[in-house]
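S.K.: The amino acid sequence is not available; the structure is as follows:
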């Protein structure tokens, strides 16, 4: 058994109940969230979002299990498991999905059967995120210039 395989099963990062983070997180392996995150979570391994967890941001991992509330997009290059306690408000891109009865998903779900479909879906998603980010920055700069000029 290689060291890489062993790391897939060890928990590298834990955000416990009652803890909160404002900002992006990058994790080298298995990540468990039971607290609150406002920011993106990128893991090179599995991600588990517990039943009481609340996230506002995008999640990227190999296998992502959602039990709490996620307001953001989820990309998982192996699979996504949405538990019956979960609420997902965002788009999902994965190769396999399991959604338990009782879960709520509001967004576009893309399940890719091939590597080409996966690469295309992820590229389209990242392009769309880049456009949204640019439009948001443009919108904020216009509001700031309007509010600054009206006090004259």
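M.R.: Good, I have the coordinates. These numbers were taken from a predicted model, which means no experiment stands behind them.

S.K.: Other residues contacting stretch 85-101?
M.R.: Stretch 85-101 is contacted from outside by 49, 51, 58, 64, 66-84, 102-113, 118, 121-122, 125, using CB atoms under 8 Å, 6 or more residues apart in numbering. In this view, the C-beta of every residue, glycine as well, is placed from N, C-alpha and C.

S.K.: do you know how far the residue nearest the centre of the chain is from residue 12?
M.R.: Residue closest to the average C-alpha location in the chain (CA atoms, centre = their mean): residue 59, at 1.7 Å. As judged by CB to CB, to the nearest Å, residue 59 and residue 12 stand 15 Å apart.

S.K.: Please apply the same query to residue 123.
M.R.: To residue 12, residue 123 is 28 Å away according to CB to CB.

S.K.: Which one of these two is surrounded by more residues?
M.R.: Neighbour totals were compared for residue 123 and residue 12, and residue 12 leads with 16 against 10 (other CB atoms under 10 Å).

S.K.: Got the domain ranges for this protein?
M.R.: For the chain, the structural domains run 3-111, 115-147, going by automatic domain parsing.

S.K.: For residue 67, which residues are in contact?
M.R.: Contacts of residue 67 (CB under 8 Å, 6+ apart): 48, 49, 50, 51, 53, 83, 85, 86.

S.K.: Would you point out the helix or strand in the protein whose mean pLDDT is lowest?
M.R.: Using mean pLDDT, DSSP states H and E, the weakest-scoring helix or strand in the chain turns out to be helix 3-9, at a mean of 46.

S.K.: Tell me the helices and strands packed up against the next helix or strand after that one.
M.R.: With elements assigned by DSSP states H and E, the helix or strand that comes after helix 3-9 is strand 11-15. Helices and strands touching strand 11-15, as assessed by 3 or more CB pairs under 8 Å, 6 or more residues apart in numbering; DSSP states H and E, comprise strand 25-27, strand 30-33.

S.K.: what's in contact with the first one?
M.R.: The reference is to strand 25-27. Strand 25-27 is contacted by residues 12, 13, 31, 37, 39, 40, 41, 42, 43, 44, 45 when judged by CB under 8 Å, 6+ apart.

S.K.: Since that was my last question, I'll sign off now.
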